[in-house]
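Q: how would this look folded up:
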Amino acid sequence: MAVRQETYAQQTISLPAERRLAPKKNRMEQPQTTPPESRAEDQSRPPEEVIHELVEELERLLESGQWPEALERFSGLHPVDQGEVLDGLPREFRQSLLAELDHAVVADILEYLEPEESAEMVGGRDPADLAQVLDLTDPDVAVDLLQQIPEEKQQETLEAMADAAEVTELLQYQDDTAGGLMITDYPVVTEATTTPNALDQLRLLGSDAEDINSVLVVNEQQRLVGSLSVTRLALARSSALIGDIMDREINSVSSETDQEECARVIQRYNLNLIPVVDGEGRLSGVVLAEDLMDVVTEEATEDMFRIASVGGERIAGPMSNSLRRRLPWLYINLATAFLAAVMVSLFEDTISRVVALAVFLPVVASQGGIGGTQTATLVVRSMALGEVPRRLGLRLLARELALGLIHGVALGVVVGFVAYLWKGNFTLGVVLGLAMLGNMLVAGMFGAGVPLLLRQLRMDPAVSSAVFVTTFTDVIGFVLFLGLAAVFVDHLV
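A: Modelled structure (predicted):
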């Protein structure tokens, strides 16, 4: 047996035998809704514009008391559009409209919402009512929502659910791990099963089997031993056993594997899913590639926002949240700006003798800042993609220092020449060029070094690396430029 498994901390959980071939809910199956009259026209316009118009239309209908018309218009939308429209409606209309919808309709909408949005829309319901909705959703969707509500209400909702076993099972995992993302209802057969029996079991799934292109294979101890494509299964001889025709080369992860690592494994090996196993190799569930698409987008967005010190913000979110997340970093940046000002003040006498130095201060600072931010952004994103193993940290630092040297020479020659032509002072051009060279080296060193250091300290490398990097480039850039100017001040006057 050649089951390749990534090495991570394991947590034991078994897949119940009675669910080994249970049908999973077909997430790829789109609800058959009647498209609105303007759908053909709508498809040629930005979705945000269409949703905005739908929100305004429904709001007018609800304000005028035309509830049947509003419900008819709303019911003709796809669940993903229904969720966005609800999110755009005023709270009182949103709750009133939700109260008129069947539990099955609400459950379909929740499948397409972020957990925070789901909790905001239905988290305030009575536990018994909420339980009826969650019974109609996928277990992982129910888990995501339950993790957003108070623990006491969470327990009451679980007790009221008709079948909470699978949901309770998944709640033990962190939502950003393979265990938190996995589904446990996926076709599994034993290696001793004959191909006709395996096909019969797939047929029992009915329409739920339409999007299944492979089955997983376990042994008598429920340990994962391989996989088998539905095509190979269908073309196999009727006398063949699953163990004889299955593919024994299969990647798997543990329940504690981080979601980003799951995404990397699926992308690297071009997989549709990745099995999740416990410490003894027993199959716990699978993580679908479609569930990781959102993870990849969210993680990339989160890293980008954190670099800009706006992590956890939404453009349409509450202003208080934006203030709480931005203002502390603005204060930190203000403090670093004063630090740079202090550095400049140390050279007041030099600046007073050569006023032209003040003209070129922003040139040194801005080039160092943008160079450092470029490097920090590249390094943080590469780390997120798993392209910078810890053993390559020093090599990366050396590479960025070399780039900083090349950039510094190229930019230093240009700014030095411009300064000479502008002010007619050769020494000023040399001082400015050398300061630019030094600051670009600083930009490369700290642009790569700060994220690497944060990772070494087990901190998120994306957490405002740019703030720290620009602080170093500003302060050191000013000191380099003005320090060199102070040394050669007699040749600058």
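Q: roughly how far apart are H78 and D138?
A: In this view, H78 and D138 are 18 Å apart by CB to CB, to the nearest Å. From N, CA and C alone the C-beta is placed, and that goes for glycine too.
Q: pLDDT at the residue nearest to I51 when sequence neighbours are not counted, what is it?
A: In this structure, I51 finds its nearest non-sequential neighbour in E84, 4.9 Å apart by CB to CB, 6 or more residues apart in numbering. Note for E84: predicted pLDDT of 88.
Q: right, and E84 touches E49 too?
A: No. Using CB atoms under 8 Å, E84 is not in contact with E49, being 12.0 Å away.
Q: tell me where this structure has strands.
A: For the chain, applying DSSP state E gives strands covering 3-5, 188-190, 214-218, 224-229, 250-254, 273-277, 283-288.
Q: reformat those strands as a markdown table; add mean pLDDT and distance to F478.
A: Output for the strands of the chain, formatted as a markdown table (pLDDT from 0 to 100; distance: least, CB to CB, whole Å):
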| stretch | mean pLDDT | distance to F478 |
| --- | --- | --- |
| strand 3-5 | 46 | 53 |
| strand 188-190 | 92 | 65 |
| strand 214-218 | 92 | 61 |
| strand 224-229 | 92 | 60 |
| strand 250-254 | 91 | 49 |
| strand 273-277 | 92 | 51 |
| strand 283-288 | 90 | 50 |
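Q: ok, which of those comes nearest S64?
A: strand 283-288 (43.7 Å; CB to CB).
Q: may I see the buried residues of the closest one?
A: Buried residues in strand 283-288, counted by 16 or more other CB atoms under 10 Å: 283-288.
Q: closest to M121 out of these?
A: Looking across the buried residues of strand 283-288 and measuring by CB to CB, the closest to M121 is L288, at 24.4 Å.
Q: can you tell me which residues contact the nearest residue to the closest one once chain neighbours are set aside?
A: Nearest residue to L288, sequence neighbours excluded (CB to CB, 6+ apart): L273, at 5.1 Å. Shown in contact with L273 (CB atoms under 8 Å, 6 or more residues apart in numbering): 186, 214, 266, 286-289.
Q: how close does the closest residue to F417 other than its chain neighbours get to L484?
A: Nearest residue to F417, sequence neighbours excluded (CB to CB, 6+ apart): G429, at 6.4 Å. Separation of G429 from L484 (CB to CB) stands at 12 Å.
Q: with S345 instead?
A: 17 Å.
Q: need the contacts of L273 in CSV (columns: distance to Q259).
A: Compiled in CSV, the contacts of L273 are given as follows (distance: CB to CB, whole Å):
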residue, distance to Q259
Y186, 18
S214, 22
I266, 11
V286, 14
V287, 8
L288, 12
A289, 12
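Q: which pair of these spans the longest distance?
A: Across the contacts of L273, no pair lies farther apart than Y186 and I266, at 14.9 Å, counting by CB to CB.
Q: between the two ends of stretch 242-254, how far is it?
A: Start-to-end span of stretch 242-254 (CA to CA, to the nearest Å) is 25 Å.
Q: do the same with stretch 266-273
A: 7 Å.
Q: for stretch 226-238, same thing?
A: Chord length of stretch 226-238, first to last residue, is 20 Å (CA to CA).
Q: what sits up against stretch 163-183?
A: 11, 13, 19, 24, 115, 134-135, 138-140, 142-144, 146-147, 158, 161, 184-185, 253-259, 262, 274, 276, 284-288, 291-292, 295.
Q: ChimeraX command for the buried members of the residues you listed?
A: A single ChimeraX command is used to select the members of these judged buried by 16+ other CB under 10 Å:
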select :13,24,115,134,135,138,139,140,142,143,144,146,147,158,161,184,185,253,254,255,256,257,258,259,262,274,276,284,285,286,287,288,291,292,295
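Q: one step back: so for S345 and L484, which residue has more residues nearby?
A: L484 (20 against 9; other CB atoms under 10 Å).
Q: residues contacting the more buried one?
A: L484 neighbours (CB under 8 Å, 6+ apart): 431, 434-435.
Q: low-confidence ranges, the stretch 51-200 of the chain, go.
A: Regions of the stretch 51-200 of the chain meeting the criterion pLDDT under 70 are absent.
Q: can you give me the helices in the stretch 101-250 of the chain?
A: Using DSSP state H, counting those that start in this stretch, the helices of the stretch 101-250 of the chain run over residues 103-110, 115-122, 127-134, 139-146, 151-160, 165-170, 178-181, 195-203, 230-235, 242-245.
Q: how's the chain carved up into domains?
A: The chain breaks down by automatic domain parsing into domains covering 3-11+18-23+183-300, 38-171, 319-492.
Q: any idea how far F417 is from L411?
A: As judged by CB to CB, F417 and L411 stand 11 Å apart.
Q: higher neighbour count, the two?
A: It is L411, of F417 and L411, that has more neighbours when counted by other CB under 10 Å, with 20 against 13.
Q: so what's the more buried one closest to, chain neighbours aside?
A: Distance criterion CB to CB, 6+ apart; nearest residue to L411, sequence neighbours excluded, is M436 at 5.2 Å.
Q: and for that neighbour, the neighbour number?
A: 30.
Q: likewise the one 10 residues further on?
A: Around F446 there are 26 other residues, counting by other CB under 10 Å.
Q: got the contact list for it?
A: Contacts of F446 (CB under 8 Å, 6+ apart): 372, 468-469, 472-473.
Q: measure E260 to D294 for me?
A: Using CB to CB, E260 is found at 12 Å from D294.
Q: more neighbours: which of those two?
A: Using other CB under 10 Å as the criterion, E260 and D294 rank with E260 on top: 18 against 12.
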